[in-house]
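Peer 1: heads up, no residue letters with this:
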């Protein structure tokens with residue numbers, strides 16, 4: 001794992017360098033990997049500094065916290081525009097409206113009821129909301145996600161919803177320190193995506209990998225990595 005930087009700009013440069021190396025070692029274009037900066041509980045000064053340094057995507061765990069971050073970053077971002085907003089936290093059915101209104105991506109859809117509410121609440125004036133289905137790997141009771149056996153039915157139902165664009169899968173696999181074991185879990189998610197695509201879906205997103213394992217995730221095809229500590233430093 002990368003040492004937590006004191007300067008978010010330095011952290012961004014370090015993560016990008018590691019991402020590029022991991023991608024090239026897997027014969028992939030580094031630009032095929034989107035770096036999402038996880039803003040959860042980070043001081044707003046660090047978030048602003050990272051965006052000023054070129055961070056184009058921010059991940060939020062809580063809709064209310066995201067409101068404060070959006071206000072601080074209004075009109076800012078690479079080249080001027082604000083960053084793209086990714087919701088990456090557990091989502092309750094009574095809190096879907098602000099997410100449907102203000103986010104570009106939701107990575108944590110794990111049941112049809114959530115997807116239906118997001119679709120119904122997504123304004124017609126906005127592009128369809130990009131979503132990933134969260135899959136529970138390793139059968140850890142403390143983590144959210146649909147069981148792999150139930151994934152095909154959920155994916156088919158979500159893909160039919162009018163204001164959503166089903167893009168791919170997301171997972172928080174069991175924590176491993178060995179890169180080979182890390183890759184095992186990420187490979188499982190990739191194979192699930194490939195299986196769904198053989199049924200006629202056209203999924204292109206694998207949201208997997210965090211500060212301690214993103215290089216293994218990239219080796220197995222990650223298109224979106226969610227980085228907090230290695231980018232911003234430890235939470236205040």
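Peer 2: Noted; the coordinates are in hand. Because the structure is predicted, anything quoted here is derived from the model rather than measured.
Peer 1: ok, residue 107 touching residue 224?
Peer 2: Yes. The pair residue 107 and residue 224 passes the contact test of CB atoms under 8 Å, sitting 7.5 Å apart. No exception for glycine: its C-beta is placed from N, CA and C like everyone else's.
Peer 1: who touches both of the two?
Peer 2: Shared contacts of residue 107 and residue 224, defined by CB atoms under 8 Å, 6 or more residues apart in numbering, are found at 86, 170, 207.
Peer 1: and those residues, which is closest to residue 99?
Peer 2: Comparing the shared contacts of residue 107 and residue 224 against residue 99 with CB to CB places residue 86 closest, at 10.4 Å.
Peer 1: would you turn the shared contacts of residue 107 and residue 224 into CSV with secondary structure and distance to residue 72?
Peer 2: Shown next, in CSV, are the shared contacts of residue 107 and residue 224 (DSSP: H, G, I helix; E, B strand; the rest coil; distance: CB to CB, whole Å):
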residue, secondary structure, distance to residue 72
86, strand, 17
170, strand, 26
207, strand, 25
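Peer 1: now those: which count as buried?
Peer 2: 86, 170, 207 (16 or more other CB atoms under 10 Å).
Peer 1: and those residues as TSV, adding distance to residue 24 and pLDDT?
Peer 2: Compiled in TSV, these are given as follows (distance: CB to CB, whole Å; pLDDT from 0 to 100):
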residue	distance to residue 24	pLDDT
86	25	98
170	24	98
207	21	98
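Peer 1: quick one, helices of this protein?
Peer 2: Counting by DSSP state H, the chain has these helices, from start to end: 8-25, 44-52, 63-73, 96-102, 112-121, 151-159, 179-197, 214-219, 229-232.
Peer 1: what's the fifth one packed up against?
Peer 2: It refers to helix 112-121. Contacts defined by 3 or more CB pairs under 8 Å, 6 or more residues apart in numbering; DSSP states H and E place helix 112-121 against helix 96-102, strand 105-109, strand 129-135, helix 151-159, strand 164-171.
Peer 1: format these as CSV; extra columns: distance to residue 10.
Peer 2: What follows is the helices and strands packed on helix 112-121, written out as CSV (distance: least, CB to CB, whole Å):
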stretch, distance to residue 10
helix 96-102, 30
strand 105-109, 26
strand 129-135, 30
helix 151-159, 39
strand 164-171, 28
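Peer 1: ok, which of those comes nearest residue 200?
Peer 2: Among the helices and strands packed on helix 112-121, helix 151-159 comes nearest to residue 200, with 9.0 Å by CB to CB.
Peer 1: what about residue 181, how many neighbours?
Peer 2: Residues near residue 181, counting by other CB atoms under 10 Å, number 14.
Peer 1: now it: how far from residue 174?
Peer 2: Distance from residue 181 to residue 174, counting by CB to CB, to the nearest Å: 9 Å.
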